[in-house]
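Visitor: Sharing a model that was predicted from the sequence below.
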Amino acid sequence: MTISSSDEVVIYQAMNHLLTRSGILISALFFLAGHATAQSYTPDKNGYISDPKFKALIKSKGYDLIGTFRLIEEKPLLMYAPYFKNGRWGTVNNQGKEVQQPVEEDNGGIRGDADSDDFVDDHRGYVHPSDADLKTFEKDGKMSLINQRTNTTILPAVYDEISLTGHKFVMVKVQEKWGVMSKTGEKISAPQYDDKKSLGVWMKGAKTKTFNPIAVKKGDKWGLLSAEGKEVLSPRFDDIKSSWTLNSIVTTQLGGKWGLATGEGKELIAPKYGEIYDFNRKGLATVIMDKENRGTQGVIDSLGNELAKPIYNEISYPDTNIIALGAGVNFDRKITLINVKGVELSKKRYTTVGEFKNNIAYVMTSDKGKTKSGYIDSRGNEIIKPIYDDISITRGSNFKVKLNGKYGVINIRQEFLIPLVYDYLQGISGSRNKDLYRAEKNGKKGLIGQSGRLLLPLLYDEIKEDDVKEGIFRVIRNGKEFLIDLYENQYPKA
């Protein structure tokens with residue numbers, strides 16, 4: 001059969017079209033195959049991937065061990081896990097691809113802050129702003145006071161000593177007695193005081209003395225001067241001290257008892273307590289009636305109100321807004337909770353109240369020596385009723401409980417996540433796996449997540465920390481020690 005040139009053109013065009021479509025089809029097949037291998041797997045809270053396809057994938061790659069995944073990037077989801085193969089460690093992502101382990105960024109070496117114990121304010125050489133232009137000079141054994149900015153003499157050289165106070169006045173000494181002069185040279189009070197002391201407080205993190213009253217002594221009694229140098233508390237107290245925490249309050253002592261006054265001289269509480277302890281930042285202080293004999297305690301505020309009468313054996317502050325008042329001792333102790341206004345939070349009475357963290361606190365009750373534990377919130381509500389022999393909050397913000405010798409895990413709704421059937425449960429310390437526990441039953445150990453699913457069966461005599469790599473554990477079974485992952489791969493193989 002003879003083919004004309006025009007027929008050749010038609011045949012060529014048809015073949016070219018077919019090849020082009022075949023190429024597109026082949027490219028599409030390669031594209032789909034490439035994307036099929038790039039399937040992304042999502043680990044559970046423990047960093048474990050239960051998808052059978054992933055298990056088949058790691059088996060096909062010949063991994064001896066694979067650890068748990070940790071989050072690198074949320075969008076798109078990217079997670080890394082360590083693997084062990086042919087005697088070497090590497091890193092695989094949640095698509096099953098081997099990658100280079102990223103270097104974790106340093107935090108920049110930031111250590112401590114102004115509220116930490118390593119923070120130190122250095123106030124040496126500090127001069128109060130009101131005294132910045134003033135300078136004392138000595139001539140022939142006598143002191144004078146000069147304003148250096150205006151080059152004027154405020155006080156002539158007739159004083160034995162001149163002391164700047166940081167207030168509107170200065171203290172001057174003549175023949176062993178202290179008097180008070182204004183910073184413009186006027187007399188406020190003639191020399192009459194035998195001693196003086198500053199009650200200045202360096203408030204933490206501050207660059208100035210935020211409270212600097214001057215106490216003066218006449219004979220063996222102390223009084224207080226105002227910021228203008230006027231006597232606002234007459235010298236009738238055995239001692240006057242700063243409250244150290246609040247910058248407007250002083251404590252006064254008379255006859256071995258302590259009271260409370262303002263820096264302006266208003267007496268809030270006449271001396272009646274054996275001790276007034278430091279005020280906290282909420283303006284509350286514990287008071288004790290007889291310090292020498294560990295007397296009963298109460299609570300006052302900085303306005304002089306007695307929020308709790310001094311009838312309690314023990315006072316504590318489990319939260320900034322909560323006061324715990326304890327009466328009785330040991331298992332007979334009954335703790336009442338009140339707020340900073342003195343109002344009871346609950347009619348319940350506890351033997352122990354722990355410190356509040358994230359607005360919840362551990363509590364324990366006791367009945368004839370038998371104790372039960374639970375948790376309350378900062379309003380006094382029992383969020384976990386005290387019905388358990390033991391309870392503790394987990395790193396995953398659930399609760400490990402013990403009842404009748406068995407352990408389990410509940411959530412804040414008191415629903416069991418791990419049933420109450422195990423002889424012991426223990427979190428994996430130092431691990432990122434906050435929801436993972438060593439479980440023990442009938443002398444054998446395994447690993448269980450907070451979902452209640454056993455990740456490693458109860459077959460092992462010992463399970464140690466995952467100190468090799470995250471999610472890879474040292475275990476002992478029948479006297480043999482080896483490594484195991486959550487996929488039950490063992491190394492060396494048993």
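Guide: On my side now, so go ahead.
Visitor: can you map out the helices along this protein?
Guide: In the chain, the segments counted as helices under DSSP state H are 5-37, 52-60.
Visitor: What's the mean pLDDT across the last one?
Guide: Average pLDDT, helix 52-60: 91.
Visitor: Can you give me the buried ones in that helix?
Guide: Taking 16 or more other CB atoms under 10 Å as the neighbour-count basis, helix 52-60 is seen to contain the buried residues 54, 57-58. (C-beta placed from N, C-alpha, C; glycine too.)
Visitor: any chance of these in JSON lines, plus distance to Glu462?
Guide: Listed next are these as JSON lines, based on distance: CB to CB, whole Å:
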{"residue": "Phe54", "distance to Glu462": "28"}
{"residue": "Leu57", "distance to Glu462": "31"}
{"residue": "Ile58", "distance to Glu462": "26"}
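Visitor: between the residues you listed, which is nearest Gly256?
Guide: The shortest separation between Gly256 and any of the buried residues of helix 52-60 is 76.2 Å, and it belongs to Phe54 (by CB to CB).
Visitor: quick revisit: going by distance to Leu224, which of the buried residues of helix 52-60 wins?
Guide: Looking at the buried residues of helix 52-60 and their distance to Leu224, the nearest is Phe54, at 76.3 Å (CB to CB).
Visitor: So that closest one versus Val92, what's the distance?
Guide: Phe54 sits 10 Å away from Val92 when distances are taken as CB to CB, to the nearest Å.
Visitor: Tell me, please, the helix or strand in this structure that averages the lowest pLDDT.
Guide: The helix or strand with the lowest mean pLDDT-type score in the chain, counting by mean pLDDT, DSSP states H and E, is helix 5-37 (a mean of 45).
Visitor: all strands for the stretch 1-150 of the chain, in order.
Guide: Taking DSSP state E, counting those that start in this stretch as the criterion, the stretch 1-150 of the chain contains strands spanning 65-66, 70-73, 78-85, 88-93, 98-99, 134-139, 142-147.
Visitor: Lowest mean pLDDT across these, which one is that?
Guide: strand 70-73 (a mean of 86).
Visitor: which strands and helices sit next to that strand?
Guide: Applying 3 or more CB pairs under 8 Å, 6 or more residues apart in numbering; DSSP states H and E, we find strand 70-73 packed against strand 78-85.
Visitor: Pull the contacting residues for Gly405.
Guide: Remark: with contacts taken as CB atoms under 8 Å, 6 or more residues apart in numbering, Gly405 is in contact with 389, 423.
Visitor: Ranking the strands of the stretch 1-150 of the chain by mean neighbour count, which comes first?
Guide: Per-residue neighbour counts averaged over each of the strands of the stretch 1-150 of the chain give the maximum for strand 65-66, namely a mean of 24 (mean count of other CB atoms under 10 Å).
Visitor: ok, Pro213 touching Gly223?
Guide: No: at 10.7 Å, Pro213 and Gly223 do not qualify as touching, with contact defined as CB atoms under 8 Å.
Visitor: Among the buried residues of helix 52-60, which one lies nearest to Ala285?
Guide: Taking CB to CB as the measure, Ala285 sits nearest to Phe54 out of the buried residues of helix 52-60, at 60.9 Å.
Visitor: Would you enumerate the residues in contact with the closest one?
Guide: Taking CB under 8 Å, 6+ apart as the criterion, Phe54 is in contact with 41, 96.
Visitor: and it, how far is that from Lys142?
Guide: As judged by CB to CB, Phe54 and Lys142 stand 92 Å apart.
Visitor: Where does pLDDT dip in this structure?
Guide: Within the chain, the set of residues satisfying pLDDT under 70 comprises 1-38, 101-128, 200-211, 244-247, 429-434, 466-467, 493-494.
Visitor: For Pro213 and Gly223, indicate the residue with more neighbours.
Guide: When Pro213 is set against Gly223 and neighbours are counted by other CB atoms under 10 Å, the residue ahead is Pro213, at 28 against 20.
Visitor: Tell me how far that one lies from Phe169.
Guide: Pro213 is 12 Å from Phe169, by CB to CB.
Visitor: Common neighbours of these two, please.
Guide: Listed as contacting both Pro213 and Phe169 by CB under 8 Å, 6+ apart are Leu225.
Visitor: Would you mark the buried spots in stretch 339-353?
Guide: Residues of stretch 339-353 classed as buried under the neighbour-count rule (16+ other CB under 10 Å) are 339-340, 345, 348-353.
Visitor: Now do the contacts for the closest residue in space to Lys45 that isn't next to it in sequence.
Guide: Excluding the flanking residues, the one nearest Lys45 by CB to CB, 6 or more residues apart in numbering is Asp435, at 4.8 Å. Residues near Asp435 by CB under 8 Å, 6+ apart: 45-46, 394-396, 449-451.
Visitor: I'd like these as a markdown table, with neighbour count appended.
Guide: Written out in a markdown table, the entries for these read as follows (neighbours: other CB atoms under 10 Å):
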| residue | neighbour count |
| --- | --- |
| Lys45 | 14 |
| Asn46 | 24 |
| Thr394 | 18 |
| Arg395 | 14 |
| Gly396 | 19 |
| Gly449 | 22 |
| Gln450 | 21 |
| Ser451 | 14 |
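Visitor: farthest-separated two in those?
Guide: By the measure CB to CB, Arg395 and Ser451 form the most distant pair in the contacts of Asp435, at 15.4 Å.
Visitor: give the contact list for Thr351.
Guide: With contact set as CB under 8 Å, 6+ apart, Thr351 has these partners: 331, 333-335, 364-366, 371.
Visitor: ChimeraX command for the buried members of those?
Guide: For selection in ChimeraX, the members of the contacts of Thr351 meeting the burial criterion (16+ other CB under 10 Å) are listed in this command:
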select :333,334,335,364,365,366
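Visitor: Turn the contacts of Thr351 into CSV, columns for distance to Pro310.
Guide: Below are the contacts of Thr351 laid out as CSV (distance: CB to CB, whole Å):
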residue, distance to Pro310
Phe331, 24
Arg333, 17
Lys334, 17
Ile335, 16
Met364, 25
Thr365, 25
Ser366, 25
Thr371, 28
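Visitor: Grab the nearest non-local neighbour of Leu425.
Guide: Nearest one to Leu425, counting by CB to CB, 6+ apart, is Tyr407 at 4.2 Å.
Visitor: wait, I meant Lys139
Guide: Of all residues beyond its chain neighbours, the one nearest Lys139 is Ala157 (4.5 Å), with distances taken as CB to CB, 6+ apart.
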